[in-house]
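Trainee: fold the following for me, if possible:
(one chain, ligands or ions: 1)
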Amino acid sequence: MRTRINATWIVGHSGGQHQLIRDGVLVYEGNKIVHVGKRFAGRVDKTIDATGKLVAPGFIDTHVHSGHRASHRLITDTGRPLYFGQPFLEISVPKEGKVVKGDPRYLKHGDAGVEAAFHLNASFTVAELLRNGVTTFIEYGSQLRVQDSLLAEVTRLGIRAYLAPGYDCGRWVGDEKGRLKRVRDDAMGLTGLETALQWIEMHDGAAGGRVRGILVPREVETSSVELLTRTRTAADERKLPVATHAAYSVLEFHDVVREHMMTPIELLDDIDLLRPTLNIGHGNFIADNLNLNYSAARDLALMGSARATISHCPINIVRRARTLDNWKKYQEAGVNISIGSDTYPRDMIMNMRTASYLGKIMSHTYFAATAGEVFRAATLGGATSVGRDDLGRLAPGALADIIIIDLSGRNSLRYGPVRDPVKSVVECGVGDDVDTVIIDGKMCMEGGIIPGVDFSKLREQAQAAGEQVWDTLAEWDPLGRTAEKACPWSFPLAD
Ligand SMILES: [Zn+2]
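Mentor: Below you'll find the predicted structure:
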């Protein structure tokens, strides 16, 4: 079956970079792109009309924590300053002996409602990503059963994903005074790596090759040197990409410097893990960041010479009063910048806009973090992070992972006159403007509708799950706070 898309604009790919094609034609056959250009004379079986639309490579979201992220709603405009803006310390560290309620990522086997919760977690994640034009995502180390349910939804709904259970040598809890305390268990980390490798052995290549494995030691400071070293060996032997949170938090930076007498990036370099297929989340608190006041910084040079990847999650960190310092220097050093959503909403267009605007501010020049650069990060940057030259681009031979973006802003005036479609999308677009999603040559969303997904039902279920997260906060919060106490309403709530 050969399909032709006639479009007002196409982001094609030639000579190693994206290029704009006005009034172009894209042809795909099976799961591969066979032609991108100004005209095509060959026979086709089906034609899609994308007049007034932009045909682009699907987005690659390099930082997804599965679920509806209801807990993240508890830190909007607030938090505990002693965590220096690090979200997971705020909303996923329970009082010792308790578990975080309402989020299946932390549920134990046999908990009430668990199957439904895991299913909702996976359905909501995959449907939200598809709705926003994400054709490939990287899950950042949720536990085994989250991966199992994601695998089922990825198979059913047609998205492409890098999955496997994450692992670490111990989590944080809150002690009797609510202070952070790490429960260290090095053996658990090694068992976790084995579990991940078995999971990958079993599922790598599933769903017609759309599911691939990735090794995720969750954070550098919660991973032993032995665990990271074994991860590197396994990655080398099995040609697997790796993702880990590193240089992402002030506390983590100091903990690693104190324990290892190296910065987190120097530690990763010492273990020989710095490489394009190492996805460093978020890599913003590197020694070169002036806010850390670290002398003789060489992190940026190390990351750049290894062409290591960062998953930059602009919306997530800007909500915590932080950002990437600075886009231009990372680019010039040779760091491969990719973009991740991390938090809600999983809107890559909003993330590109945030990356661009803050990138300009932090680089002190409007020539930095251009629409082209952030678009490249959201497509090719992600592909590089998983070692793929057949993703993130529309060129003959590449996989047919294609999105169509409606440049009328779904019949609004938001876009105004469009001169450059990529600049217009980055500046005026939202994820909802994605009209059509094709993955592996198959139609996964058409006219904003995903077959097999009922948005109103998903919203209703996610709302109920959210209410449970918010209502039960006092049961596990290290300070025993209610949601009202932890996160006051924007305006006083009337009786
Ligand atoms: Zn993360």
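
Trainee: contact partners of stretch 439-459?
Mentor: 3, 28-32, 58, 120, 123-124, 127, 130-131, 135, 156-160, 208-210, 399-401, 410, 432, 434-438 (CB atoms under 8 Å, 6 or more residues apart in numbering). (Glycine included, C-beta is placed from N, CA and C.)

Trainee: hey, where'd the strands end up in the stretch 201-350 of the chain?
Mentor: Remark: strands assigned in the stretch 201-350 of the chain by DSSP state E, counting those that start in this stretch are 211-213, 242-246, 278-282, 309-312, 336-339.

Trainee: and the ones you listed, which is most packed in?
Mentor: strand 309-312 (a mean of 30; mean count of other CB atoms under 10 Å).

Trainee: partners of it, with directions?
Mentor: If you go by DSSP bridges, strand 309-312 pairs up with strand 278-282 (parallel), strand 336-339 (parallel).

Trainee: so which of these comes closest to Ala164?
Mentor: Checking the strands paired with strand 309-312 against Ala164 by CB to CB gives strand 278-282 as the closest, at 13.0 Å.

Trainee: the closest one - what's its average pLDDT?
Mentor: For strand 278-282, the mean per-residue pLDDT is 98.

Trainee: quick check: angle from that strand to strand 242-246?
Mentor: 30 degrees (axes from the mean of the first three to the mean of the last three CA atoms, to 10 degrees).

Trainee: identify those among the contacts of stretch 439-459 that sit within helices.
Mentor: The members of the contacts of stretch 439-459 that map onto helices under DSSP state H are 120, 123-124, 127, 130-131, 156-157.

Trainee: can I get the residues you listed in a markdown table including neighbour count and distance to Glu237?
Mentor: Formatted as a markdown table, these follow (neighbours: other CB atoms under 10 Å; distance: CB to CB, whole Å):
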| residue | neighbour count | distance to Glu237 |
| --- | --- | --- |
| Leu120 | 21 | 36 |
| Ser123 | 24 | 34 |
| Phe124 | 22 | 35 |
| Ala127 | 21 | 35 |
| Leu130 | 24 | 33 |
| Arg131 | 21 | 37 |
| Arg156 | 15 | 32 |
| Leu157 | 22 | 32 |
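
Trainee: quick one: mean pLDDT for stretch 55-69?
Mentor: Per-residue scores along stretch 55-69 average to 97.

Trainee: pull out the buried positions in that stretch.
Mentor: For stretch 55-69, burial by neighbour count (16 or more other CB atoms under 10 Å) applies to 55-69.

Trainee: same question for stretch 1-11.
Mentor: Under 16+ other CB under 10 Å, the buried positions of stretch 1-11 are 2-11.

Trainee: export these to a markdown table and tack on pLDDT?
Mentor: A markdown table is the format used below for the buried residues of stretch 1-11 (pLDDT from 0 to 100):
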| residue | pLDDT |
| --- | --- |
| Arg2 | 98 |
| Thr3 | 98 |
| Arg4 | 98 |
| Ile5 | 98 |
| Asn6 | 98 |
| Ala7 | 98 |
| Thr8 | 98 |
| Trp9 | 98 |
| Ile10 | 98 |
| Val11 | 98 |
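
Trainee: let's see which of the residues you listed end up in strands.
Mentor: Taking DSSP state E, the ones among the buried residues of stretch 1-11 that sit in strands are 2-11.

Trainee: okay, those residues in a markdown table with distance to Pro492 next?
Mentor: Formatted as a markdown table, those follow (distance: CB to CB, whole Å):
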| residue | distance to Pro492 |
| --- | --- |
| Arg2 | 61 |
| Thr3 | 55 |
| Arg4 | 58 |
| Ile5 | 52 |
| Asn6 | 55 |
| Ala7 | 50 |
| Thr8 | 49 |
| Trp9 | 48 |
| Ile10 | 51 |
| Val11 | 48 |
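
Trainee: low-confidence stretches in the stretch 51-200 of the chain?
Mentor: Across the stretch 51-200 of the chain, the ranges flagged by pLDDT under 70 are 107-112.

Trainee: where exactly do the strands run in it?
Mentor: Assigned by DSSP E, counting those that start in this stretch, the strands in the stretch 51-200 of the chain fall at 59-64, 134-139, 160-163, 172-174, 180-182.

Trainee: what's the angle from the first one to strand 134-139?
Mentor: By that I understand strand 59-64. Going by the same axes, to 10 degrees, strand 59-64 makes 20 degrees with strand 134-139.

Trainee: show residues contacting strand 59-64.
Mentor: 125, 129, 132-140, 243, 279, 281-282, 309, 311, 313, 316, 338-342, 346, 348, 378-379, 381-383, 385-386, 391-392, 403.

Trainee: in ChimeraX, select just the buried ones from those.
Mentor: To isolate the buried ones among the contacts of strand 59-64 in ChimeraX, judged by 16+ other CB under 10 Å, type:
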select :125,129,132,133,134,135,136,137,138,139,140,243,279,281,282,309,311,313,316,338,339,340,341,342,346,348,378,379,381,382,383,385,386,391,392,403
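
Trainee: contact partners for Leu358?
Mentor: Contacts of Leu358 (CB under 8 Å, 6+ apart): 314, 318, 323-324, 327, 369.

Trainee: nearest to Leu89 among these?
Mentor: Val318 (17.6 Å).

Trainee: pretty sure that closest one is touching Asn351, no?
Mentor: No - shown here, Val318 and Asn351 do not form a contact pair, counting by CB atoms under 8 Å, at 10.0 Å.

Trainee: quick revisit: export the contacts of Leu358 to JSON lines and tack on neighbour count, distance to Ala333 and pLDDT?
Mentor: Listed next are the contacts of Leu358 as JSON lines, based on neighbours: other CB atoms under 10 Å; distance: CB to CB, whole Å; pLDDT from 0 to 100:
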{"residue": "Pro314", "neighbour count": "29", "distance to Ala333": "19", "pLDDT": "98"}
{"residue": "Val318", "neighbour count": "17", "distance to Ala333": "22", "pLDDT": "96"}
{"residue": "Thr323", "neighbour count": "19", "distance to Ala333": "17", "pLDDT": "95"}
{"residue": "Leu324", "neighbour count": "25", "distance to Ala333": "12", "pLDDT": "96"}
{"residue": "Trp327", "neighbour count": "28", "distance to Ala333": "11", "pLDDT": "98"}
{"residue": "Ala369", "neighbour count": "30", "distance to Ala333": "15", "pLDDT": "98"}
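
Trainee: so of those, which ones are in helices?
Mentor: Using DSSP H, the contacts of Leu358 in helices are 314, 318, 327.

Trainee: and the gap between the last one and Ala355?
Mentor: When you say that, I think you mean Trp327. 7 Å (CB to CB, to the nearest Å).

Trainee: need the residues touching each of the two.
Mentor: What both Trp327 and Ala355 touch, as defined by CB under 8 Å, 6+ apart, is the set Ala369.

Trainee: now do Val27, the pLDDT please.
Mentor: On the pLDDT scale, Val27 is placed at 98.

Trainee: my read is that it contacts Ala41, right?
Mentor: No - Val27 lies out of contact with Ala41 (CB under 8 Å); the separation is 10.5 Å.

Trainee: higher neighbour count, those two?
Mentor: More crowded of Val27 and Ala41, by other CB atoms under 10 Å: Val27, with 19 against 6.

Trainee: Arg481: what's it in contact with?
Mentor: 473-474.

Trainee: can you tell me the SS state at it?
Mentor: coil (DSSP: H, G, I helix; E, B strand; the rest coil).

Trainee: and it, how far is that from Ala355?
Mentor: From Arg481 to Ala355 the distance is 33 Å (CB to CB).

Trainee: Pro81 now?
Mentor: From Pro81 to Ala355 the distance is 25 Å (CB to CB).
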